[in-house]
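Student: Sequence first, then the predicted structure, then my questions.
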Amino acid sequence: MRTRLFLRTSEFLWQEGHTAHATKDEAIEETERMINIYADFAENWMGIPVIKGSKSENERFAGALETYAIEALMQDGKALQAGTSHFLGQNFAKAFDVKFTDKEGKLNYVWATSWGVSTRLMGALVMAHSDDKGLVLPPKLAPIQVVIVPVYKGEDQLNQITEKVNLIKKKLEDKGITVKYDNRDTHKPGWKFAEYELRGIPVRIAIGPRDIENNTLEIARRDTLEKEIKAQDGIENYIENLLEDIQKNIFKKALKFREENTFKVDTYNEFKDIIENKGGFVLAHWDGTPETEQKIKEETKATIRVIPMDAKEENGKCIYSGKPSKKRVIFAKAY
């Protein structure tokens, strides 16, 4: 398969775990705990809304009794599997003879789990939030949260600005905010503004001689590209709150996009039209058979991404076979 940067490459980094348990219930609990951890990280740190659910038999990890996944929707309308957690039962324990001595002194096969995320999350971060100007990074993950760019003519003005910036920088850093002061004399301020927009730095502060006189700063936020003039006094508190607002807004924007691109359909013609012409998540009834799922995949290239954990019971008919169905599942084209 052709490699795709971050998503499917020849070599990539995993965060992966394997656990062995004495009982089935303990292993299932661990499997569910890890998918919840991944979902929490995706939403509250990466700003990416995800849907938790179980995989169909066709999409399940080979050898697993249950696979849970978090699915995210990218801006091009394709789904991305952002993390998985597998309940392996005793299949692998029996295959590799992994046993333990229980409380009664008897040898038993362990109940196993496996879970992981990879550099695919970096691809998710790029595709979920970025725009035509470059990256948009959530403040909680941005290595530099604030960049300060001086606007000046001559060394005297730069020295005057630097003295003021050092005070501001310390106040921000005392709040735990990571700050970069870009006083390079090899690039113009406009070039720097474009560079930091491209790199997705959440907040940019510009300061010049007039700001020194007026005790003000120009603040630009990367998520909305809005600018405003703020007083220097108490700027550390303002920036702290602004970073929190940017984090929330990035998530809210991605969630709004997902909601606007999630469709509920009841016929196969509707389904094919949306998959082909719109993309996004499609909620549809499925009869639960691998054969039907495979036929839909062959005809539309869409797969069942997850059977949502919070899916409501709802009597209906499979969009393909017309057979009875108890709940809707999420279909999409995926990376």
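Tutor: Received it, and whenever you're ready, just let me know what you need.

Student: what about the stretch 1-150 of the chain, any weak spots by pLDDT?
Tutor: Low-confidence segments of the stretch 1-150 of the chain (pLDDT under 70): 1-3, 11.

Student: how many other residues sit next to D132?
Tutor: Using other Cβ atoms under 10 Å, the number of residues around D132 comes to 4. For glycine as for every other residue, the C-beta is placed from the backbone atoms N, C-alpha and C.

Student: distance of it from E197?
Tutor: Remark: distance between D132 and E197 (Cβ to Cβ, to the nearest Å) = 10 Å.

Student: For P308, give the beta-bridge partners.
Tutor: G53 (DSSP bridges).

Student: what separates it from N241, distance-wise?
Tutor: Distance from P308 to N241, by Cβ to Cβ: 34 Å.

Student: Compare the two (neighbour count), which wins?
Tutor: Each of P308 and N241 has its neighbours counted (other Cβ under 10 Å); P308 has more, 18 against 10.

Student: and the more buried one, what pLDDT?
Tutor: pLDDT recorded at P308 is 97.

Student: ok, now Y181?
Tutor: With respect to pLDDT, Y181 scores 98.

Student: just checking, it touches K170?
Tutor: No: here Y181 does not reach K170: they are 10.9 Å apart, not a contact under Cβ atoms under 8 Å.

Student: what about those two, which has more around it?
Tutor: Y181 (18 against 12).

Student: Nearest spatial neighbour of that one, chain-adjacent residues omitted?
Tutor: Once flanking residues are discounted, Y181 sits nearest to I148: 4.8 Å by Cβ to Cβ, 6 or more residues apart in numbering.

Student: got it, and D174?
Tutor: In space, D174 is closest to E236, 7.2 Å off (Cβ to Cβ, 6+ apart).

Student: tell me the phi and psi of that neighbour?
Tutor: When read as degrees, to the nearest 10, the backbone of E236 gives phi -60, psi -40.

Student: quick one: it and T216, what's the gap?
Tutor: For E236 relative to T216 (Cβ to Cβ), the value is 15 Å.

Student: Repeat that for D131.
Tutor: Counting by Cβ to Cβ, the gap from D131 to T216 is 28 Å.

Student: Please apply the same query to P202.
Tutor: 20 Å.

Student: More neighbours: which of those two?
Tutor: Higher neighbour count among P202 and T216: P202, with 27 against 17, using other Cβ under 10 Å.

Student: Who are the contact partners of that one?
Tutor: By Cβ atoms under 8 Å, 6 or more residues apart in numbering, P202 lies in contact with L137, P138, P139, A142, Q145, V146, R221, R222, D223, L243, I246.

Student: Could you tell me which of those belong to helices?
Tutor: Counting by DSSP state H, the contacts of P202 place L243, I246 in helices.

Student: Nearest to I330 among the contacts of P202?
Tutor: Using Cβ to Cβ, P138 comes nearest to I330 of the contacts of P202, at 24.3 Å.

Student: That closest one: how many residues sit nearby?
Tutor: P138: 26 neighbours (other Cβ under 10 Å).
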